[in-house]
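Novice: next one to model:
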Amino acid sequence: MAEMPVLVMLWTPLCESCQMIALIIDEIAKEYTGKALCYKLNTDDYPNVATQYAIESIPTMLFFKDGDHKETVTGVVPKATLCTTLDKYVE
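Specialist: Purely as a prediction, here's the structure:
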C-alpha cells in the first residue's frame, strides 16, 4: 500500500480526450513528486479494474488514500480541479 495519495487515470489509446488529460497527469506527476503518486492504467489491458470501479466513461481519474478509493473525477477537467482534489489527501 502506498504511503502517499495515489491518482490513477483510466484511459484507452484510441481516446482523444484521454490523450489531452494524459499530458496534465504527466505535469501533476512531476509537480507532486514526493507528495503523491500518479499512474495511467489502460482499460483495454485491465478491463477488470474498470468493472471493479464501475467506470462508464473515460478518461476517469480515481483518487486513493491509504489504499482506499476516495473520489472519482470523470472527463476532461482543468488541471486545477485535479490538483484541488489531490490536495485533499496530501499531508
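
Novice: just how off-centre is the strand or helix carrying Leu10 within its chain?
Specialist: Applying DSSP states H and E as the criterion places Leu10 in strand 6-11. Here strand 6-11 is found 3 Å from its chain centre; the criterion is C-alpha atoms, centre = their mean, to the nearest Å.

Novice: for it, name the packing helices and strands.
Specialist: helix 16-31, strand 37-42, strand 60-65 (3 or more C-beta pairs under 8 Å, 6 or more residues apart in numbering; DSSP states H and E). (Each C-beta comes from the backbone N, C-alpha and C, glycine too.)

Novice: just the ones you listed: most buried one?
Specialist: strand 60-65 (a mean of 21; mean count of other C-beta atoms under 10 Å).

Novice: which positions in the lowest-mean-pLDDT helix or strand in the chain come out as buried?
Specialist: The helix or strand of the chain with the lowest confidence, counting by mean pLDDT, DSSP states H and E, is helix 47-52 at a mean of 93. By neighbour count on 16 or more other C-beta atoms under 10 Å, the buried set for helix 47-52 is Ala50.

Novice: which residues touch it?
Specialist: With contacts defined as C-beta atoms under 8 Å, 6 or more residues apart in numbering, helix 47-52 is touched by Leu10, Leu41, Thr43, Ile55.

Novice: try 10 Å this time
Specialist: 8, 10, 12, 41-44, 46, 55-56, 58, 60, 62, 69 (C-beta atoms under 10 Å, 6 or more residues apart in numbering).
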